[in-house]
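*Asks:* need a 3D model of the sequence below.
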Amino acid sequence: MSNLGIEVRNLHKYFSKRKGFLKKGRKTVHALRDISFEVRLGETYGLLGPNGSGKSTLIRVLATLLLPDSGFVRLLGYRIPGEEAEVRRRVGRVSVDAAFYKKLSARENLLYSAFLYGMDKPAAERRAQEILEALGLEQGKFTDPLEEMSRGMQQKVAITRALLVNPPLLLLDEPTTGLDPKSKRDVQTFIEKLRRDEGTTILLTSHDMAETERLCSRIGFLAHGRLIAEGTARELKQKAGADSLEDAFIALAGEKLDEDEKPDGEAAANGKGEAAGVVGAVASGDGVGVAADRNEDAVGVVGGGEDVDSAGVAEESGAEVLESK
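*Replies:* Residues are numbered from 1 along each chain as shown. Take a look at the predicted model:
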């Protein structure tokens, strides 16, 4: 039996994008370029990259929201493409901009998701309150409408939703972006506890260097759709001859992390009504359905572009620098 939670091999993803002032022509944007990496069972692996680097696109492929154009993925031994239904049963996902039914309370949103998974009401309520309490959400907020909650509170509800059925694999797409320092610390502590106590396999995308270094045993650098280097934080700093992870990224990727741009794919997604985000799988007798995040649209990407030149930093260390092709 494989000890890999995630296996990605030679993954490519393209998008067709309108160009020009009148939007009459089209061009192909290469969002993911020959991505390959592995995440061991029970490991927390981080992907660091600026907005537009392909992080969210990669998470959407792993979450079965997008089909790869070439290459393949195995999650917990199940292959994409081909075994998407089995993957959805076992994966929880938290996006950078999670969507809810805002007029409903946190309790009602979470029960809705729990019922899709076939959970009974008492068990779902107990589980939801346990997670929310661990994340630092006041119990009295459980029945408040989502529209009256802060961004940090809503993100804690999104994390709770992904964890209701205690999935063995979590895809966390910038889960602490926009949170206040205390909320960010609460979420980070919970992620550490989850991996330690449950052995959950976690893939975390971020442009927060300190968070990634704290939570992840290994880190991959993503730039212009390419995985340009991976290793432990120490190995990456040694490889780049840098004192900090940020300096290592700049040396290896040739660019800074910018938190002000929109995440890849979000520019095309914003303003769309009903869309294609996955909350989770629906376990039922006739198979697996998909519950949708209403604010996400998995078409288009703001990213891709020039090749990354990682030459000149190939000093010996445990980190691996991946050459652009």
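*Asks:* C-alpha only now, for contacts and for neighbours.
*Replies:* Will do.
*Asks:* need the longest helix for this structure.
*Replies:* Ranked by residue count and defined by DSSP state H, the top helix of the chain is helix 181-198.
*Asks:* strand partners (parallel or antiparallel) of whatever helix or strand comes next after that helix?
*Replies:* Counting by DSSP states H and E, the next helix or strand C-terminal to helix 181-198 is strand 201-206. Using DSSP bridges, the strands paired with strand 201-206 are strand 44-48 (parallel), strand 169-173 (parallel).
*Asks:* redo those as CSV? Include mean neighbour count, mean pLDDT and distance to residue 114.
*Replies:* Formatted as CSV, the strands paired with strand 201-206 follow (neighbours: other CA atoms under 10 Å; pLDDT from 0 to 100; distance: least, CA to CA, whole Å):
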stretch, mean neighbour count, mean pLDDT, distance to residue 114
strand 44-48, 26, 95, 25
strand 169-173, 24, 94, 17
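*Asks:* check residue 117 and give its pLDDT.
*Replies:* On pLDDT, residue 117 comes in at 85.
*Asks:* over to residue 225?
*Replies:* According to the prediction, residue 225 has pLDDT 93.
*Asks:* ok, residues contacting the helix or strand encompassing residue 221?
*Replies:* Residue 221 is part of strand 218-223, with elements assigned from DSSP H and E. Residues outside strand 218-223 that contact it (CA atoms under 8 Å, 6 or more residues apart in numbering): 44-50, 53-55, 212-213, 227-233, 249, 253, 308.
*Asks:* one more time with 7 Å, if that's ok
*Replies:* 45-49, 53, 227-233, 249, 253 (CA atoms under 7 Å, 6 or more residues apart in numbering).
*Asks:* out of those residues, list just those in helices.
*Replies:* Per DSSP H, these map to helices at 233, 249, 253.
*Asks:* dump these to JSON lines, plus pLDDT.
*Replies:* Formatted as JSON lines, the ones in helices among the contacts of strand 218-223 follow (pLDDT from 0 to 100):
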{"residue": "233", "pLDDT": "94"}
{"residue": "249", "pLDDT": "91"}
{"residue": "253", "pLDDT": "84"}
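*Asks:* so which of these is surrounded by the most neighbours?
*Replies:* The residue in the ones in helices among the contacts of strand 218-223 with the most neighbours, by other CA atoms under 10 Å, is residue 249 (26 neighbours).
*Asks:* got a list of what the residue nearest the centre of the chain touches?
*Replies:* In the chain, the centroid-proximal residue (CA atoms, centre = their mean) is residue 173; its distance is 2.6 Å. Contact analysis of residue 173 by CA under 7 Å, 6+ apart lists 56, 59, 94, 95, 96, 204, 205, 206.
*Asks:* so how far is residue 87 from it?
*Replies:* Distance, residue 173 to residue 87, using CA to CA, to the nearest Å: 17 Å.
*Asks:* buried residues of stretch 236-245, list them for me.
*Replies:* With burial defined by 16 or more other CA atoms under 10 Å, the residues of stretch 236-245 counted as buried are 236, 237, 238, 239, 240, 242, 244, 245.
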